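**Q** coords below, sequence missing:
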């Protein structure tokens, strides 16, 4: 994963699984969001958290995750556009790649229209001023 990244250690909770104890597919998206939030918190960039709705999400499931598995969620900004951030992420269990994906968020103004990324955020994520 490129440059700036964050690793969040989590454990698969019962609520995230189906009747067989395997994660439900949306759990991986929540894990990625937890890691994204933790990175923004670490960089002191939570003030406008609600201004970044999701535009695109993709995930590839490579190995089954089960209740109580300890996982690492690695996330990094892959691309900074004028109004958007594409995050790339992976979920590993003991070094084994289990899920990989990416999602794009768009910075919006009070009317919900795309708006340029704040310079402070751009600089913190390595996009320069």
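**A** Structure received. Quick caveat: nothing in here was measured; it's all calculated off a predicted structure.

**Q** give me the most central residue, this protein.
**A** Here the mean C-alpha position of the chain is nearest to the C-alpha of residue 32 (Cα atoms, centre = their mean), at a distance of 3.5 Å.

**Q** so it sits against residue 105, correct?
**A** No. Assessed by Cβ atoms under 8 Å, residue 32 is found out of contact with residue 105, at 11.1 Å. Bear in mind the C-beta positions are built from the backbone N, C-alpha and C, glycine included.

**Q** so what sits against both of these two?
**A** Overlap between the neighbourhoods of residue 32 and residue 105 consists of residue 87, taking contacts as Cβ atoms under 8 Å, 6 or more residues apart in numbering.

**Q** follow-up on the earlier one: in the helix or strand encompassing the residue nearest to the centre of the chain, which residues are buried?
**A** According to DSSP states H and E, residue 32 maps onto helix 25-42. Along helix 25-42, the positions that meet the burial threshold by neighbour count (16 or more other Cβ atoms under 10 Å) are 27-29, 31-33, 35-37, 39-40.

**Q** how about stretch 60-70?
**A** Buried residues in stretch 60-70, counted by 16+ other Cβ under 10 Å: 65, 67, 69.

**Q** and the residue lying closest to the second one once chain neighbours are set aside, what's its pLDDT?
**A** Once flanking residues are discounted, residue 67 sits nearest to residue 21: 4.4 Å by Cβ to Cβ, 6 or more residues apart in numbering. In the prediction, the pLDDT value recorded for residue 21 is 90.

**Q** tell me how many other residues surround residue 21.
**A** Applying other Cβ atoms under 10 Å, we find 14 residues neighbouring residue 21.

**Q** surely it and residue 69 touch.
**A** No. Using Cβ under 8 Å, residue 21 is not in contact with residue 69; the gap is 9.7 Å.

**Q** what ranges of the chain fall below the confidence cut-off?
**A** 1-2, 128-129 (pLDDT under 70).
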